[in-house]
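In: Sequence and predicted structure, then a few things I'm wondering about:
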Amino acid sequence: MQYTHLGRSGLQVSRLCLGTMNFGPQTEEAAAHSIMDSALESGINFFDTANVYGGAGRRGWTEEIIGRWLAQGGERRERTVLATKLYGTMTDRPNESKLSALNIRRALDASLKRLQTDYIDLYQFHHVDRNTPWDEIWQAMDVAVQQGKILYAGSSNFAGWHIAQAQESAARRNFTGLVSEQSIYNLLTRNLELEVIPAAQQYGLGLIPWSPLHGGLLGGVLKKERDGVRRTEGRAAETLKKHQDQIRQYEDLADDLGHEPGDVALAWLLHQPAVTAPIVGPRTQEQLDAAVRALDVKLDDDALKRLDDIFPGHRTAPEDYAW
């Protein structure tokens, strides 16, 4: 396994992050525990979850599954860099969502209880809260750090100017601020290259991309449909129809390179300088094994150029659309 620092922090994490959103709704607890054990054995030490994971009727379910896994001992907690998030609505009561000082305190304590641990390595804001001032947010986070309940703070789904605003406010308080940003980033969705990635690099944040295979569309979807393994429906079907020519060229390129399409998509992210660790969310052991395999895929300059030709990216704003 390869490791790297999370942003400008001293924290070392694996180049793949285990996403747990499927644990509970899609993957039963015993299988989830087995996947987490296997991830540790393969060297993945970075696990990501959120307080809302589990579904509308079972928010907190995923954290509870992870908590029972950690409680088995065997140095599971010591070997794991544990990341969770807050922001989403947990109940219909007021002050049970977003980033007020009150919700930060309550949500953190609730996550610690569900996860059966006394601290969170990376506590992330699942979305920007436009109605809570950063002075309030950072004061609450500073208290949590002083209490030993969290070590680092991260963001998710932030715009570039949100990152700048958060970091400048933290600097005025002599607080570390954000060390990571978690956002959608893959060959099909490269909007982050306009402003989020430049902001993350400027302020020393590690990028943790979610949906690296764009919901499976970069995982060989056309081949699977031809083989009768999968039939795409809903929004995924609409996206596939829109990008069918690109995806066909991409799958052909993967064949030329001698790799599975999903391996190429993950490898491309690992070749991007801003990326710390793509989040892989396996529902099965086989999917985890496939993700780990991508670490051995090396893309040369010609392959990277051909991928850019198929899926054009962005230059940094404003040069992308102005002079």
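Out: Thanks, I have it.
In: average pLDDT across the helix or strand hosting residue 241?
Out: In this assignment (DSSP states H and E), residue 241 forms part of helix 234-242. Averaging pLDDT along helix 234-242 gives 84.
In: for that helix, packing partners?
Out: Packed against helix 234-242, as judged by 3 or more CB pairs under 8 Å, 6 or more residues apart in numbering; DSSP states H and E, are no other helices or strands. All C-beta spots, glycine's among them, are computed from the backbone N, C-alpha and C.
In: Would you indicate which residues of it are buried?
Out: Across helix 234-242, burial judged by 16 or more other CB atoms under 10 Å covers 239, 240.
In: got the contact list for that helix?
Out: With contact meaning CB atoms under 8 Å, 6 or more residues apart in numbering, helix 234-242 is reached by 188, 214, 215, 216, 217, 221, 222, 232, 247.
In: Just give me how far it sits from the chain centre.
Out: Relative to its chain's centre, helix 234-242 lies at 23 Å (CA atoms, centre = their mean, to the nearest Å).
In: Please shift the residue numbers so they start at 309 in all later answers.
Out: Got it, first residue is 309 now, which makes that one helix 542-550.
In: export it as PDB, just CAs?
Out: C-alpha atoms of helix 542-550 as PDB (Å, rounded to 0.1, in the frame of the first residue of the first chain):
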ATOM      1  CA  GLY A 542     -32.900   6.300 -14.200                       C
ATOM      2  CA  ARG A 543     -30.400   9.200 -14.100                       C
ATOM      3  CA  ALA A 544     -27.500   6.900 -14.800                       C
ATOM      4  CA  ALA A 545     -29.200   5.800 -18.100                       C
ATOM      5  CA  GLU A 546     -29.600   9.500 -19.100                       C
ATOM      6  CA  THR A 547     -26.000  10.300 -18.400                       C
ATOM      7  CA  LEU A 548     -24.900   7.100 -20.200                       C
ATOM      8  CA  LYS A 549     -26.900   8.100 -23.300                       C
ATOM      9  CA  LYS A 550     -25.400  11.600 -23.200                       C
END
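In: what packs against the next helix-or-strand element following it?
Out: Next along the chain after helix 542-550, taking DSSP H and E as the criterion, comes helix 552-565. If you count contacts as 3+ CB pairs under 8 Å, 6+ apart, helix 552-565 packs onto helix 529-534, helix 569-578, helix 609-618.
In: centre of the chain versus the first one, how much separation?
Out: Offset of helix 529-534 from its chain centre (CA atoms, centre = their mean): 26 Å.
In: same thing with stretch 518-527?
Out: Taking the mean of its C-alpha atoms, stretch 518-527 sits 12 Å from the chain's own mean (CA atoms, centre = their mean).
In: Now do the helix-or-strand element of the chain with minimal mean pLDDT and helix 552-565, the angle between them.
Out: Here the helix or strand of the chain ranked lowest by mean pLDDT, DSSP states H and E is helix 542-550, holding a mean of 84. Interaxial angle, helix 542-550 versus helix 552-565 (axes from the mean of the first three to the mean of the last three CA atoms, to 10 degrees): 80 degrees.
In: show me where pLDDT drops low in the stretch 509-631 of the chain?
Out: 537-539 (pLDDT under 70).
In: hmm, 80 instead?
Out: The model of the stretch 509-631 of the chain has pLDDT under 80 over residues 535-544.
In: quick one on the thing from earlier: what about burial for the contacts of helix 542-550, which qualify?
Out: So, by 16+ other CB under 10 Å, the buried ones in those are 496, 522, 523, 525, 529, 530, 540, 555.
In: Enumerate every residue touching the second one.
Out: Residues in contact with residue 522 (CB under 8 Å, 6+ apart) are 494, 495, 496, 497, 547, 573.
In: so what's the backbone phi/psi at it?
Out: The phi/psi pair for residue 522 (degrees, to the nearest 10) reads phi 50, psi 60.
In: Check the spacing between it and residue 585 real quick.
Out: Note on residue 522: its distance to residue 585, by CB to CB, to the nearest Å, is 17 Å.
In: The fifth one now?
Out: Distance, residue 529 to residue 585, by CB to CB: 24 Å.
In: do the same with residue 368
Out: 25 Å.
In: Also residue 466?
Out: Distance, residue 466 to residue 585, using CB to CB: 18 Å.
In: Of the two, which one has the most company?
Out: The neighbour count for residue 466 versus residue 585, taken as other CB atoms under 10 Å, is higher for residue 585 (28 against 23).
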